[in-house]
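Visitor: Next comes the sequence, and after it the predicted model I'd like to discuss.
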Amino acid sequence: MTFDELHVIEPILHALKTEGYTHPTPIQQKAIPFLLQRKDLLGCAQTGTGKTAAFTIPLLQLLHTDELYQKGPDGIKALILTPTRELAIQIGESVAAYGRHLRLRHTVVFGGVSQKAQTDALRAGIDILVATPGRLLDLKGQGFVKLHRIKIFVLDEADRMLDMGFIHDVKRVIAQLPQKRQTLLFSATMPSEIASLAGTILTNPVRVEVTPVSSTANTIQQSVYFVDQNKKRHLLAHLLQNEAIETALVFARTKHGADRIAKDLGKAGIVAEAIHGNKSQNARQRALSNFKLRKTRVLVATDIAARGIDIDDLAYVVNFDLPNVPETYVHRIGRTGRAGANGTSISFCDREEKTYLQDIQKLIGKTIPRVDDHPFTPSETPTAAAPERTDTQARRPFRRGKSAGVNW
């Protein structure tokens, strides 16, 4: 199935092709047709299954079709509520990417930073607001946000909202929304409080459930190197002295980090380029082309920019930063070892990332082999173990368990 078969409009199809997407994921196949029919939806899906596009694409299409473009500072028509700054930023980047050929405007608001840039964008007028609950309520209280025109409301990662103690803030936000609206609720698990909330905010919802990716190909040789954060760049340059690594795709957590890694490799005499959301499309395509033609030895990418990258004969993937979402790890290393070919995944882990490693090992049901024989081993190294998944765990894909211990 293609996005065209889902009746996605041409401007969004064009943007999806630019991003390298042609075939929707299972949750996108299931959710998009119902959402385009303006139905409420209850989605059981974890991050990493493609759910952001599953709600962003139809949201953009409906607002565009209705010509609900912003008219003044109180013209917000769609609200996407998410628990963390990182998720809010990622969703905002997706809205920008898929809606690049539309007239819709959006902004992202979250706490922990100055609100001036956020309030400036709100004053100028937007159609779509991506927000964390606390900052949204702060700005609402100051009069910068008006929610009375909301037509579409998306509550993302509902169970994580509960875990983080945000559920009361979420209920305060919902109480200020118009009764007549389309509502989408996504949750990886369905605890009783979330089920109860869904029952009060959804009207005759369609339920969509997909099993998250949770296994890695046996053809991929995985390893983890424990290293202090400030030594990672030295370790990467050290490993790349091995001429057997002809090319490598390196994953960084942030755009700034990707630029810094590429710059440091350049200083070490290794040809590298970075791709991320701040790069122009021409620059990203040029970097990707250079990498495929092996003019560039190392391509450094963020997860958002790396979506849709499909490189033949890619033998090495390096997780310079471990992802905070374990399914993302599976997607990253799945870019090597394709079609039965052998691949190698190398991950760096510092003491701040030990819980990420825990979660990854729990998800894939195996302990990633550890390499200690390198010149940048920390003075105290962590031990990590993750139990094999039981049949019970495998049958409960949406239940988050407690992580195995990792001691530094």
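Guide: Looks like it came in fine.
Visitor: surely Asn324 meets Tyr356?
Guide: Yes: under the criterion of Cβ atoms under 8 Å, Asn324 makes contact with Tyr356 at 5.6 Å. From N, CA and C alone the C-beta is placed, and that goes for glycine too.
Visitor: ok, the two, which is more surrounded?
Guide: Tyr356 (22 against 17; other Cβ atoms under 10 Å).
Visitor: in what helix or strand does the more buried one lie?
Guide: According to DSSP states H and E, Tyr356 maps onto helix 354-364.
Visitor: gap between Thr183 and Ser114?
Guide: 31 Å (Cβ to Cβ, to the nearest Å).
Visitor: sorry, back to before: which positions in the helix holding Tyr356 come out as buried?
Guide: Lys354, Tyr356, Leu357, Gln358, Asp359, Ile360, Gln361, Lys362, Leu363, Ile364 (16 or more other Cβ atoms under 10 Å).
Visitor: if we can go back for a sec, settle it for me: which of Thr183 and Ser114 has more neighbours?
Guide: Thr183 (20 against 7).
Visitor: if I look at the more buried one, how far off is Leu137?
Guide: 19 Å.
Visitor: Excluding chain neighbours, what is closest to Glu193?
Guide: Leu162 (5.9 Å; Cβ to Cβ, 6 or more residues apart in numbering).
Visitor: What helices and strands are in contact with the helix or strand hosting that neighbour?
Guide: Using DSSP H and E, the element containing Leu162 is helix 158-163. Contacts defined by 3 or more Cβ pairs under 8 Å, 6 or more residues apart in numbering; DSSP states H and E place helix 158-163 against helix 167-175, strand 182-187, helix 192-201.
Visitor: a markdown table please, covering these and showing mean pLDDT and distance to Glu209.
Guide: Listed next are the helices and strands packed on helix 158-163 as a markdown table, based on pLDDT from 0 to 100; distance: least, Cβ to Cβ, whole Å:
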| stretch | mean pLDDT | distance to Glu209 |
| --- | --- | --- |
| helix 167-175 | 95 | 22 |
| strand 182-187 | 95 | 10 |
| helix 192-201 | 93 | 13 |
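Visitor: Check the ones you listed for me and report the most buried one.
Guide: strand 182-187 (a mean of 24; mean count of other Cβ atoms under 10 Å).
Visitor: okay, the angle between that one and helix 167-175?
Guide: 170 degrees (axes from the mean of the first three to the mean of the last three Cα atoms, to 10 degrees).
Visitor: Neighbouring strands - and their directions - for strand 182-187?
Guide: Applying DSSP bridges, strand 182-187 is found paired with strand 41-44 (parallel), strand 152-155 (parallel).
Visitor: roughly how far apart are the residue nearest to Glu193 and His374?
Guide: Taking Cβ to Cβ, one finds Leu162 at 41 Å from His374.
Visitor: Per the annotation, how does this structure divide into domains?
Guide: Here the domain assignment for the chain is 4-209, 220-407, based on automatic domain parsing.
Visitor: Low-confidence stretches in the protein?
Guide: 46-48, 68-74, 211-213, 277, 281, 304-310, 339-340, 380-408 (pLDDT under 70).
Visitor: Which one's more surrounded, Leu162 and His374?
Guide: A direct count of neighbours by other Cβ under 10 Å for Leu162 and His374 places Leu162 higher, at 19 against 14.
Visitor: and the more buried one, what does it touch?
Guide: Leu162 is in contact with Pro191, Glu193, Ile194, counting by Cβ atoms under 8 Å, 6 or more residues apart in numbering.
Visitor: what number of residues lie near the nearest residue to Ala268 once chain neighbours are set aside?
Guide: Sequence neighbours aside, Ala237 is the residue nearest to Ala268 in space, at 4.3 Å (criterion: Cβ to Cβ, 6+ apart). Residues contacting Ala237 under the criterion other Cβ under 10 Å number 16.
Visitor: can I assume Ala237 sits in a helix?
Guide: Yes: assessed by DSSP: H, G, I helix; E, B strand; the rest coil, Ala237 belongs to a helix.
Visitor: can I assume it is in contact with Ile270?
Guide: Yes: taking contacts as Cβ under 8 Å, Ala237 lies within contact range of Ile270: 6.7 Å.
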